[in-house]
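In: Got a predicted structure plus its sequence, pasted below:
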Amino acid sequence: DAKTTQPNSMESNEEEPVHLPCNHSTISGTDYIHWYRQLPSQGPEYVIHGLTSNVNNRMASLAIAEDRKSSTLILHRATLRDAAVYYCILRDSGYALNFGKGTSLLVTP
Amino acid sequence: EAGVAQSPRYKIIEKRQSVAFWCNPISGHATLYWYQQILGQGPKLLIQFQNNGVVDDSQLPKDRFSAERLKGVDSTLKIQPAKLEDSAVYLCASSLDSILAGGPRANVLTFGAGSRLTVL
């Protein structure tokens, strides 16, 4: 079973920032927090990952709570192309990346 | 760089028939994964290879599914005989570093577009 909890769906207006939350209260000290997204009819795509500190890349920012029990993926300006299912995943001790159901993001013009 | 290649993109078969999917990972990627994604669900890991050895196949239904990665490069996933509940998208992914070696880059996966299987 996935070790993260995400809302089933979220909605955003185009060009507005989007904050996608993820709870992972049982995270271990060596678990990295990864985010992937899956556009319709495509395979998942890596977005960003981090351990303790906040991370930025060209796609998004990742804000990690001080106790690491939650994190937030931030899309600074949502576009219609960002409509996808976003998965928050912890790397577990069994070496597998286990996907949950993710958050379906709807972006409206 | 070229991405992860998969074929065929679509396959329709009758139940009890067999089917095979092929994956060519990114050049130099040591780890290869096969995932099954049923409609409306997240991908589920079926098997993970490190070079040509199996790291994890605990969720592979071994009575009907088999996979191999000869020479540590290409991989095939076979289903024989297929059941209705095998209808899904089969995703192949690869990663550069060995998960067994740890490190932050080990779990950055690149996925192929997937092979959609319909079992009638």
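Out: Now that the structure is in, tell me what you want to look at. Numbers count the residues shown, from 1 in each chain, chains lettered A, B, ... in the order given.

In: which residue is nearest the middle of chain B?
Out: The centroid of chain B falls nearest to residue B:34 when counting by CA atoms, centre = their mean (2.1 Å).

In: For it, list the residues it contacts.
Out: Residue B:34 sits next to B:23, B:45, B:46, B:47, B:48, B:67, B:75, B:77, B:90, B:91, B:92 when contact means CB atoms under 8 Å, 6 or more residues apart in numbering or on different chains. Quick note: C-beta positions are derived from backbone N, CA and C, even for glycine.

In: now do residue B:112
Out: Contact partners of residue B:112, counting by CB under 8 Å, 6+ apart, are A:43, B:3, B:4, B:5, B:6, B:23, B:91, B:92, B:93.

In: Among those, name the buried ones.
Out: A:43, B:4, B:6, B:23, B:91, B:92, B:93 (16 or more other CB atoms under 10 Å in any protein chain shown).

In: Between all of those residues, which two are separated the most?
Out: Farthest-apart pair in the buried ones among the contacts of residue B:112 is A:43 and B:23; separation 11.1 Å (CB to CB).

In: Now do the shared contacts for the two.
Out: The contact sets of residue A:43 and residue B:23 overlap at B:4, B:112 (CB under 8 Å, 6+ apart).

In: just to revisit the earlier point, got a winner among the contacts of residue B:34 for most neighbours?
Out: residue B:91 (28 neighbours; other CB atoms under 10 Å in any protein chain shown).

In: from memory that residue sits against residue B:37, does it?
Out: Yes. With contacts counted by CB atoms under 8 Å, residue B:91 reaches residue B:37, the gap being 5.9 Å.

In: Quick check: neighbours shared by those two?
Out: Taking CB under 8 Å, 6+ apart as the contact rule, residue B:91 and residue B:37 both touch B:43, B:114.

In: Could you list the low-pLDDT ranges of chain A?
Out: Where chain A drops to pLDDT under 70, the residues are A:1-2, A:92-96.

In: surely residue B:77 meets residue B:90?
Out: Yes. If you go by CB under 8 Å, residue B:77 and residue B:90 touch, sitting 6.2 Å apart.

In: Mind listing the shared neighbours of the two?
Out: B:21, B:34, B:46.

In: Please name the bridge partners of the first one.
Out: Going by DSSP bridges, residue B:21 is paired in beta bridges with residue B:77.

In: How about the second one?
Out: Taking DSSP bridges as the rule, residue B:34 bridges to residue B:47, residue B:92.

In: how far away is it from residue A:109?
Out: Relative to residue A:109, residue B:34 is positioned 38 Å away (CB to CB, to the nearest Å).

In: repeat for the last one
Out: Summarising the geometry, the distance separating residue B:46 from residue A:109, computed by CB to CB, is 39 Å.

In: who in chain B is up against chain A?
Out: Within chain B, the residues that sit near chain A (CB under 8 Å from any CB of the partner chain) are B:4, B:33, B:35, B:41-45, B:48, B:55-56, B:58, B:91, B:93, B:99-100, B:104, B:106-114.

In: Filter the residues you listed down to the buried ones.
Out: Burial by neighbour count, judged by 16+ other CB under 10 Å, picks out B:4, B:33, B:35, B:42-45, B:48, B:55-56, B:91, B:93, B:99, B:106-114 from the residues of chain B next to chain A.
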